[in-house]
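S.K.: Provided below are the primary sequence and the corresponding predicted coordinates.
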Amino acid sequence: MAAFRKAHRHQASSLGTFFTNLGTTSESKSPEYFEPPKQDELPAPPQTPSKVRTKKRVPWKFTSLVAGVCILGTAYLIVRMLQAAIDSDHRTEAISDKLAEDTKNESPVRESDAWRWVRGEPTEAFRDNLLPNFKYITSWPCAGWTNDVMALVHLIYLAQLTERIPILPSFAPSHLGQAAGLIPVSDVFNLRRLSERIHLPIIEWRDVKSANSTIVEEIGCWSPWIGGGQSNGQPRDTYLPAALGLDISYTPTPYSMKVYGEGDSHTLYGRLMQLGFPSGRHEALQQVSPLPAPTSGRAFEPDDKLLCFDYLYYTSLDRNFEWYYDWSPQWRLIGRHMAWAPTLQALSEEYLRRHFGVEAKGEIPKFISVHARRGDFHHSCPADDWTCLPSMDQLRERIEQIRNEILRRDGGYVENVLVMSDETDAAWWEEVKENGWSWIDHVVEKTGERYGVWYIPLLDAVFQSSGAGFVGTDSSTMSLIAALRVQDWHDGPVTYLTWKGL
């Protein structure tokens, strides 16, 4: 593999070349096939030179023989043409089946693989692995897994706008505790497929810098977190840079990059994009100054080779929280293409088959998925109690609403309801059971012990996205993205549980 990489690592010299190469993906590429020539394209019968007519006649036996040969030849040609057409169809089906199989069984070397966009194997210092012909972009989200997914989508969108290669950090367990460790993005999402769909190379930090490196590198980055007014002059607190061995001097983004004025933290893509170009960078540095790095105490300007930001969750094209709009570019252009990693998808299907009593490789029955977020949401109630949380009666009503909509659309009745919730009250779950609904108990399944605690929220997210219809919780970003997946991937109806008194 090392020799292969060395021989091929510099095949592409620009992002433009990559875009050209990916203009037609393996999933959309038409298979080659043989098309029989049209009748008017068939070769003309051989012509003999004109001769002076003589009185000598051709014997009738010879004429009959020639006519018979012509008839047999024509019949043979027609049979071959029909056989070629049939073979063509078979070849087309075989190639299509092969392409579908290739999608399931990921090839270790594909056009969009990371090794094409770095010098080679992960190095001790990240700069040693960046190619001279390209520029890169990165960020360090750390605010709950779903919000981090959204922040990475914003990073990738900004990479498109600046024509840079995004380097994705691993997901940080900010909602699980540090003991859970980091999990690479490619363990969760199919990055090869995403790269091909959006025509952009995507790599991860583990492709660039060795996880065992002891080198601490200085780098300058921009801070939309400070520029957006989210802190008292301090960058977003995250332990990802330390895990990557980075000592960062942050420069606040200018106030002019905000969507609105005071009271809102969103910054504009179009303004942040300018920081990736000489004129925009120069203009910004006339307004703001770098802050000292925490380890060295030195202050230095933001890096140009690797454009970096502390936190991009609060980033928009036109207004704040654009994910809630049907025109959201974040979802339409990027998020919708973030399919689950094949291994995670297969594991979720194994769970669902076991839960619904289906044999291996059997068809999973349709179900309505529910995400009833409750745990920490009671703090949103005016009295900081549970009185404003959606009731069980409302949940029944929403489920029936989705069930009836599926019946109206598809003519089928969906009986199964799969509930996901962070509720810890046993009495609440007993009501779920009394209503004939079910849930997958990760304690019983020993999910954390078998696969790691990361797989509890990850599998729940896949279950949510697999419903024929979906009931979510208002104001939950996890519900929001699950609803988008069900709508876009399965054309399923969605609705939300709402709050009382808010």
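M.R.: Sure thing, it's come through.
S.K.: so how far is stretch 399-413 off the chain centroid?
M.R.: 29 Å (Cα atoms, centre = their mean, to the nearest Å).
S.K.: name the residues of it that are buried.
M.R.: Using 16 or more other Cβ atoms under 10 Å as the test for burial, stretch 399-413 gives 399, 402-403, 406. (Glycine included, C-beta is placed from N, CA and C.)
S.K.: tell me the pLDDT at the spatially most central residue of the chain?
M.R.: The centroid of the chain falls nearest to residue 338 when counting by Cα atoms, centre = their mean (1.5 Å). Predicted confidence (pLDDT) for residue 338: 98.
S.K.: nearest residue to it other than its sequence neighbours?
M.R.: residue 189 (4.8 Å; Cβ to Cβ, 6 or more residues apart in numbering).
S.K.: pLDDT averaged over stretch 439-449, what's the number?
M.R.: On average, stretch 439-449 scores 97.
S.K.: any idea how far apart the tips of that stretch sit?
M.R.: Start and end residues of stretch 439-449 are separated by 19 Å (Cα to Cα, to the nearest Å).
S.K.: give the buried residues for it.
M.R.: Residues of stretch 439-449 classed as buried: 439-440, 442, 445, 447 (neighbour count, 16+ other Cβ under 10 Å).
S.K.: next: stretch 220-240.
M.R.: 220-231, 235-236, 238, 240.
S.K.: going by secondary structure, residue 150 is in what exactly?
M.R.: Using DSSP states H and E, residue 150 sits within helix 145-162.
S.K.: name the helices or strands packed onto that helix?
M.R.: With contacts taken as 3 or more Cβ pairs under 8 Å, 6 or more residues apart in numbering; DSSP states H and E, helix 145-162 sits against strand 136-139, strand 165-168, helix 269-274, strand 306-309, strand 315-316, helix 329-333, helix 477-490.
S.K.: can you pull the domain assignment for this protein?
M.R.: Per the record, the chain has its domains at 114-337, 342-497, by automatic domain parsing.
S.K.: which of those has the highest mean neighbour count?
M.R.: domain 114-337 (a mean of 19; mean count of other Cβ atoms under 10 Å).
S.K.: quick revisit: with distance to residue 362 and mean pLDDT added, can I get the helices and strands packed on helix 145-162 in a markdown table?
M.R.: Shown next, in a markdown table, are the helices and strands packed on helix 145-162 (distance: least, Cβ to Cβ, whole Å; pLDDT from 0 to 100):
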| stretch | distance to residue 362 | mean pLDDT |
| --- | --- | --- |
| strand 136-139 | 42 | 99 |
| strand 165-168 | 35 | 98 |
| helix 269-274 | 45 | 97 |
| strand 306-309 | 46 | 98 |
| strand 315-316 | 43 | 96 |
| helix 329-333 | 32 | 97 |
| helix 477-490 | 19 | 98 |
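S.K.: how much space is there between residue 272 and residue 315?
M.R.: Distance of residue 272 to residue 315, computed by Cβ to Cβ, to the nearest Å: 7 Å.
S.K.: so what sits against both of those two?
M.R.: By Cβ atoms under 8 Å, 6 or more residues apart in numbering, residue 272 and residue 315 have these common neighbours: 158, 224.
S.K.: for the stretch 151-300 of the chain, which segments count as helices?
M.R.: Along the stretch 151-300 of the chain, the segments classed as helices by DSSP state H, counting those that start in this stretch run 191-198, 205-208, 224-227, 240-243, 269-274, 278-285.
S.K.: adding distance to residue 310, write the ones you listed out as JSON lines.
M.R.: Converted to JSON lines, these look like this (distance: least, Cβ to Cβ, whole Å):
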{"stretch": "helix 191-198", "distance to residue 310": "23"}
{"stretch": "helix 205-208", "distance to residue 310": "15"}
{"stretch": "helix 224-227", "distance to residue 310": "5"}
{"stretch": "helix 240-243", "distance to residue 310": "9"}
{"stretch": "helix 269-274", "distance to residue 310": "12"}
{"stretch": "helix 278-285", "distance to residue 310": "15"}
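S.K.: any idea how far the closest residue to residue 490 other than its chain neighbours lies from residue 446?
M.R.: In this structure, residue 490 finds its nearest non-sequential neighbour in residue 468, 6.3 Å apart by Cβ to Cβ, 6+ apart. To residue 446, residue 468 is 28 Å away according to Cβ to Cβ.
S.K.: residue 396 now?
M.R.: Taken as Cβ to Cβ, the span from residue 396 to residue 446 is 31 Å.
S.K.: check residue 212 too.
M.R.: Taking Cβ to Cβ, one finds residue 212 at 31 Å from residue 446.
S.K.: cool, residue 313 as well?
M.R.: Remark: distance between residue 313 and residue 446 (Cβ to Cβ) = 33 Å.
S.K.: wait, what's in contact with residue 499?
M.R.: 380, 388-390, 474-475 are the contacts of residue 499 under Cβ under 8 Å, 6+ apart.
S.K.: kindly apply the preceding question to residue 425 instead.
M.R.: Going by Cβ under 8 Å, 6+ apart, the list of residues near residue 425 is empty.
S.K.: surely residue 136 touches residue 162?
M.R.: No - the criterion here is Cβ atoms under 8 Å, and residue 136 misses it with residue 162 at 9.8 Å.
S.K.: overlap of the contact sets of the two?
M.R.: Counting by Cβ under 8 Å, 6+ apart, the residues touching both residue 136 and residue 162 are residue 307.
S.K.: circling back to that earlier point, check what pLDDT the residue nearest to residue 490 gets.
M.R.: 98.
S.K.: mind listing what it touches?
M.R.: Here residue 468 is in contact with 366-368, 406, 414, 486, 490, 492 (Cβ under 8 Å, 6+ apart).
S.K.: let's see it at 10 Å
M.R.: Contacts for residue 468 (Cβ atoms under 10 Å, 6 or more residues apart in numbering) come out as 365-369, 402-403, 406, 409-410, 412, 414, 416, 486, 490-493.
S.K.: helices - which of the residues you listed land there?
M.R.: Those of the contacts of residue 468 mapping onto helices are 402-403, 406, 409-410, 486, 490, per DSSP state H.
S.K.: report the two of those residues separated the most.
M.R.: 403 and 490 (15.0 Å; Cβ to Cβ).
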